[in-house]
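Participant: compute the structure for the input listed below.
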Amino acid sequence: MRNDAANQFAMLRRRGCALYLLLLLLLQIQLAESKAISGDFRLSGLKSEYVLSTFSVMPSGGRVKLHLVSHGMYEDESHLKFRLYRDVEWPAYLQATTCMDRIKHAKITQNVSFVKDLEDDKYKATVNVMLFNSPDDGAKPRSHYWYFVLDDCSLEEYFQDNKVPLMHYDLLLFNHLSSSGQDLSHLSADEHDMTTLHTVCLLVSGGVAALLLFLIVLSATAGKNQSIHAAVLWVAASAGLDACSSFFEIMHLQIYKANGVGSYFIDAMSAHAEAICDSMLVILLLSIASGWTLPSDVIAVNAATANHFQRLLREMGRPMANLRHFNAAGLLAIFITVAHIVLAQLGRTFNEDFNSYHQFEHWPGRTLMGMRVILGFLFALTTIQTRIRCKAKQLRAFYKKLGILGFIWFQSLPLLTMGVNIFMPYHVRHPTISIGTALMQSSSIMLFAWLVTAHSSTYHSLSHLSAPSDKSLTEQMRMPHGEDSRTWKIGKAKVCLD
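Facilitator: Numbering: from 1, shown residues only. Next up, the predicted model:
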């Protein structure tokens, strides 16, 4: 038995080493010089300005290179300007009503001069600008968001739309890693330390997943009377998804450094793995709050006199049974999961929104925060109901602590997001949100791992987490007919589902 467990653990270790080597290989990819953005646009009388992009520049400064290709001659290019705004001037730019009012707030203005290329009969222009983050009001230099805009304010007055050609642009953005300006990076200043953050998250979540997986393998190979609770598998899967999210994000950042664009698919995999992990933790919290893992005789429930909310709690306390039965709790779990996935994908469409400084500063993010608030109150009500119906007095203290900590977990991210939006300057919003969400996610995963493996806790000793998988006769008689008709097994160990 021990040899089998050792062999399986060695195999898992070899796979982990292979992933680690892949990560090291990605880290060796040669860096490109800049962030690359391209696109097509046409100015008009109704749209005399076009925002090309935004970029967070480090205190040491940066540079930008704009290359324009016009598909026809720009007849009066003297009015065509390339203007740069910082986050200090950008709010005033947004509040102005006309092009002439907006350009007054530009920090840098550059002329655009086209030269005809005789080979392809197109008109081309190149503009190079150095970016310096000068101190504001005597303060130390800090990172700034810079906004890059092409405009022709004369179009608002003359409406010569038929004389404005279609243009293609390529924008290269650089950050200076040192004051000398020799060391360049295309990464935005607010993304500069994200690789380190995701590496720490990968180690924490991956370590938790590996530990739980090791315990599962030991139980599966130890003997016939061993049991594993589904909650352990649930937490292991959540930790694994969180680790995968961090791993995919590291891959995306390394590819981003290589080509200035990144991988949309890998970045999407990271976002969706994190979304599924979040939804699994939400469902797990609601299930434990409803009495999942506790024997049926610990929670007093009269099915004949129970109201709709009490029936919902009873169904939420059997999440694995909801996989086979169509009920309100199953629909709620499906809604939570699908909503997280859909909102994560919709949020990705705002990556180029120039007024969004972090992943929740748009309507999909605000919708997700609203869901967290509502689910937090549902969790609190669920915990209170379970605590009232709990016959074991020693568990009431546990549910009181669970209710307080769980409610804080649900509300922490909305409160963090609101506080960041109100009090934090633009250039630190994204790092603050990223560090805050990573800290909360890693902490919750470690707490859940402790909860399902801490044999010394009162909750663990009274729940099915430490009990054998075979149910007592009383529990079997109280279960609805056919609910336990299937048994899950991993190796030689039975999986306890209730």
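Participant: all strands of the stretch 201-350 of the chain, in order?
Facilitator: With strands called from DSSP state E, counting those that start in this stretch, the stretch 201-350 of the chain shows them at 227-229.
Participant: residue ranges with poor pLDDT in it?
Facilitator: Applying pLDDT under 70 to the stretch 201-350 of the chain flags the ranges 223-224, 258-260, 297, 300-308.
Participant: all the helices of it, in order from the start?
Facilitator: Per DSSP state H, counting those that start in this stretch, the stretch 201-350 of the chain carries helices over the ranges 230-259, 264-289, 308-316, 328-348.
Participant: could those be laid out in a markdown table, adding distance to Trp90?
Facilitator: Any C-beta I mention is one placed from the backbone N, CA and C, and that applies to glycine too. A markdown table is the format used below for the helices of the stretch 201-350 of the chain (distance: least, CB to CB, whole Å):
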| stretch | distance to Trp90 |
| --- | --- |
| helix 230-259 | 24 |
| helix 264-289 | 26 |
| helix 308-316 | 46 |
| helix 328-348 | 22 |
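Participant: would you list those helices in TSV and tack on mean neighbour count and distance to Thr126?
Facilitator: Formatted as TSV, the helices of the stretch 201-350 of the chain follow (neighbours: other CB atoms under 10 Å; distance: least, CB to CB, whole Å):
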stretch	mean neighbour count	distance to Thr126
helix 230-259	22	21
helix 264-289	21	28
helix 308-316	18	62
helix 328-348	17	32
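Participant: which one of these lies closest to Ser60?
Facilitator: For those, the distance to Ser60 is smallest for helix 230-259, at 18.0 Å, taking CB to CB.
Participant: mind giving me the packing neighbours of that closest one?
Facilitator: Applying 3 or more CB pairs under 8 Å, 6 or more residues apart in numbering; DSSP states H and E, we find helix 230-259 packed against helix 2-27, helix 194-222, helix 264-289, helix 426-453, strand 493-496.
Participant: helix, strand or coil for the nearest residue to Phe360 once chain neighbours are set aside?
Facilitator: Excluding the flanking residues, the one nearest Phe360 by CB to CB, 6 or more residues apart in numbering is Thr417, at 4.8 Å. Three-state call for Thr417 (DSSP: H, G, I helix; E, B strand; the rest coil): helix.
Participant: now do the same contact list for Thr417.
Facilitator: Applying CB atoms under 8 Å, 6 or more residues apart in numbering to Thr417 gives the contacts His358, Phe360, Glu361, Gly365, Met369, Ile433.
Participant: which of the residues you listed sits closest to Ala329?
Facilitator: Of all those, the one with the least separation from Ala329 (CB to CB) is Met369, at 23.5 Å.
Participant: ok, the closest one - how many residues close by?
Facilitator: By other CB atoms under 10 Å, 18 other residues sit near Met369.
Participant: so what secondary structure elements neighbour the helix or strand harbouring it?
Facilitator: Assigned by DSSP states H and E, Met369 falls within helix 363-389. When contacts are defined as 3+ CB pairs under 8 Å, 6+ apart, helix 363-389 sits against helix 264-289, helix 308-316, helix 328-348, helix 393-423.
Participant: list of residues touching the second one?
Facilitator: In this case it means helix 308-316. The contact list for helix 308-316 (CB under 8 Å, 6+ apart) reads 286-287, 289-292, 301, 303, 306, 322, 327-330, 332, 381-382, 385-386.
Participant: what do you get if the cut-off is 6 Å, keeping everything else the same?
Facilitator: Leu286, Ser287, Ser290, Val301, Asn327, Ala328, Ala329, Thr382, Gln385 (CB atoms under 6 Å, 6 or more residues apart in numbering).
Participant: can you put those in a markdown table and add distance to Ala454?
Facilitator: Below are the contacts of helix 308-316 laid out as a markdown table (distance: CB to CB, whole Å):
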| residue | distance to Ala454 |
| --- | --- |
| Leu286 | 21 |
| Ser287 | 18 |
| Ser290 | 21 |
| Val301 | 27 |
| Asn327 | 31 |
| Ala328 | 32 |
| Ala329 | 27 |
| Thr382 | 22 |
| Gln385 | 25 |
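Participant: of those, closest to Lys391?
Facilitator: Closest approach to Lys391 among these (CB to CB): Val301, at 10.6 Å.
Participant: adding distance to Asp120, write the helices and strands packed on helix 230-259 out as a markdown table.
Facilitator: Compiled in a markdown table, the helices and strands packed on helix 230-259 are given as follows (distance: least, CB to CB, whole Å):
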| stretch | distance to Asp120 |
| --- | --- |
| helix 2-27 | 37 |
| helix 194-222 | 40 |
| helix 264-289 | 30 |
| helix 426-453 | 40 |
| strand 493-496 | 66 |
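Participant: so which of the ones you listed is nearest Phe148?
Facilitator: Proximity to Phe148 (CB to CB) singles out helix 426-453 among these, at 15.7 Å.
Participant: how far off helix 393-423 does that closest one point, in degrees?
Facilitator: Orientation of helix 426-453 against helix 393-423 (axes from the mean of the first three to the mean of the last three CA atoms, to 10 degrees) gives an angle of 170 degrees.
Participant: tell me what helix 426-453 is packed against?
Facilitator: If contacts are counted by 3 or more CB pairs under 6 Å, 6 or more residues apart in numbering; DSSP states H and E, helix 426-453 sits against helix 194-222, helix 230-259, helix 393-423.
Participant: now tell me what touches the helix or strand just after it from outside.
Facilitator: Note on helix 426-453: by DSSP H and E, the next helix or strand toward the C-terminus is helix 458-462. For helix 458-462, contacts defined as CB under 6 Å, 6+ apart pick out Ala392, Gln394, Phe398, Ala454, Ser466.
Participant: thought the first one was touching Ile299?
Facilitator: No: with the criterion set as CB atoms under 6 Å, Ala392 and Ile299 do not qualify as a contacting pair; they are 9.1 Å apart.
Participant: out of those two, which sits in the busier spot?
Facilitator: Counted by other CB under 10 Å, Ala392 and Ile299 do not tie: Ile299 has more neighbours, with 19 against 15.
Participant: for Arg314, see how far away the nearest residue to the more buried one once chain neighbours are set aside is.
Facilitator: Leaving out its chain neighbours, the residue that sits closest to Ile299 by CB to CB, 6+ apart is Gly291, at 4.5 Å. Distance of Gly291 to Arg314, given as CB to CB, to the nearest Å: 8 Å.
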